[in-house]
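[1] with the input below, show me the fold.
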Amino acid sequence: MKHQLRIHSSRKTRGGFKTLIPTFGHAAGVIAGASLASVGLELFLMPHSIVVGGMTGLSALLALTTEMRLGLFLFLLNLPLLFLYRKNIHGSYGIFTVIGVLVFSLGTLVLHPYPSLIDEPLLAALIGGLSLGLGLGLALRFGGALDVAEKAVKQLQYGRLSPERILLMLNCLILIGAGFHFGFLQALYSVIAYLSAFEAVKLPVQGGIFTLTVRIKSRHCAAIQGELLRYLNRSAVYRLGPEAPGDEEGMGILEFQCHRLERSRLISIVHQCDRESEITFLPR
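    Predicted coordinates for the structure are as follows:
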């Protein structure tokens, strides 16, 4: 039987200082992720001419072909897209993403003069992809991003093509371009690094034992959904079922997952929207 923590409040919870502390924690998490990602790029992947997908891979490809600094392309390719779609991006996500991209760009500039930590390209591809993926995942976990390619693609309309397929096609083009420019063997290393990064991103995002399933029962689900997406970058699913039959009172249920460290801030955000809400936490 799963242990449940049920919270019911009939009074308004004060945000203030309790809400402010996790904000600094999230910024620190994004900065740590950006630092880890810059280590993976400059100390493992770039010295061996290994690229990955997304804006990060495109920036690496341009930096290797033009012999300009990687940090410059990371800055120039990511921030304009973020500014272009700013109306569709929530405030805290945009702020944390700007912080992450700036630290990511500066980190690669600082680490550029240093040599590769590993001379073997295959091992560098594996470790560099792992470091890059963990860094990207940490930034996503704490409400920001280091690569805005996926966010930008989702804002556009492609008819029958889904954003995921378009992003996959762009990544394939980047890897093919790397293969034509650097040769088949380097393209193979790039694919290995891409797959390593792709799998590593999931580790911080999924959270494992640190992740809780959250169920919120409220009459103001739409408002709570918006605030959770804005402040925690969490997408909650609204449903009607046996526990929310959609009666005259308009009661509904939201379900999503959060990190254990986000619990106190989540409670504060939800109670600011609905002081009568009921929150249940369940281990995954």
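[2] so what pLDDT did residue 30 get?
    Note on residue 30: pLDDT of 93.
[3] wait, isn't it in contact with residue 100?
    Yes - with contact defined as CB atoms under 8 Å, residue 30 reaches residue 100; the gap is 4.5 Å. Every C-beta, even on glycine, is put in place using the N, C-alpha and C of the backbone.
[4] out of the two, which sits in the busier spot?
    Using other CB atoms under 10 Å as the criterion, residue 30 and residue 100 rank with residue 100 on top: 32 against 29.
[5] coming back round to it: quick check: neighbours shared by residue 30 and residue 100?
    139, 144 (CB atoms under 8 Å, 6 or more residues apart in numbering).
[6] can you tell me how far the residue most central in space within the chain sits from residue 229?
    Nearest residue to the geometric centre of the chain (CA atoms, centre = their mean): residue 140, 2.0 Å. According to CB to CB, to the nearest Å, residue 140 stands 14 Å off from residue 229.
[7] what's the burial count for residue 141?
    Residue 141, neighbours per other CB under 10 Å, totals 23.
[8] output stretch 104-121 in CSV with nothing but the alpha carbons.
    C-alpha atoms of stretch 104-121 as CSV (Å, rounded to 0.1, in the frame of the first residue of the first chain):
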residue,chain,number,x,y,z
PHE,A,104,26.4,27.9,-20.9
SER,A,105,27.9,30.3,-23.4
LEU,A,106,30.4,31.8,-20.9
GLY,A,107,31.3,28.3,-19.6
THR,A,108,32.4,27.2,-23.1
LEU,A,109,34.4,30.4,-23.6
VAL,A,110,36.2,29.9,-20.3
LEU,A,111,37.0,26.2,-21.0
HIS,A,112,37.9,26.6,-24.7
PRO,A,113,41.7,27.0,-24.1
TYR,A,114,41.9,23.8,-22.1
PRO,A,115,42.8,20.5,-23.9
SER,A,116,40.5,17.4,-24.0
LEU,A,117,40.5,15.3,-20.8
ILE,A,118,40.3,12.1,-22.9
ASP,A,119,42.3,11.2,-26.0
GLU,A,120,40.1,8.3,-27.1
PRO,A,121,37.3,9.6,-29.3
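[9] flag every buried residue along that stretch.
    104-109, 111-112, 116, 118, 121 (16 or more other CB atoms under 10 Å).
[10] just stretch 139-152 next, same as before
    For stretch 139-152, burial by neighbour count (16+ other CB under 10 Å) applies to 139-152.
[11] domain assignment for the protein?
    Domain assignment for the chain by automatic domain parsing gives 22-206, 208-283.
[12] which of those is buried the deepest?
    domain 22-206 (a mean of 19; mean count of other CB atoms under 10 Å).
[13] tell me the contacts of the closest residue to residue 84 other than its chain neighbours?
    Using CB to CB, 6 or more residues apart in numbering and skipping the chain neighbours, the partner closest in space to residue 84 is residue 152 (7.5 Å). Contacts of residue 152 were listed using CB under 8 Å, 6+ apart, and they are 81, 84-85.
[14] quick one: residue 152 is in a strand?
    No - Residue 152 is assigned helix when assessed by DSSP: H, G, I helix; E, B strand; the rest coil, not a strand.
[15] picking that back up, go through the domains of the chain and find the least confident stretch.
    Comparing mean pLDDT across those, the weakest is domain 208-283, with a mean of 80.
[16] from memory residue 150 sits against residue 56, does it?
    No - in this structure residue 150 lies outside contact range of residue 56 using CB under 8 Å: 11.3 Å.
[17] now do the helices in the stretch 101-250 of the chain.
    Per DSSP state H, counting those that start in this stretch, the stretch 101-250 of the chain carries helices over the ranges 121-141, 149-154, 163-182, 184-206, 221-231.
[18] now the angle from the longest helix that the chain contains to helix 184-206?
    As assigned by DSSP state H, the longest helix anywhere in the chain is helix 16-40. Per axes from the mean of the first three to the mean of the last three CA atoms, to 10 degrees, the angle that helix 16-40 makes with helix 184-206 is 160 degrees.
[19] contacts for helix 16-40 next, please.
    For helix 16-40, the surrounding residues in contact (CB under 8 Å, 6+ apart) are 56, 92, 96, 99-101, 103-104, 107-108, 110-111, 127-144, 146, 197, 204, 231, 261-262, 264-265, 268-269.
[20] gap between the very next helix or strand once past that helix and the chain center?
    Going down the chain from helix 16-40, the next helix or strand is helix 54-66, by DSSP states H and E. Remark: helix 54-66 is offset 20 Å from the chain centroid, using CA atoms, centre = their mean, to the nearest Å.
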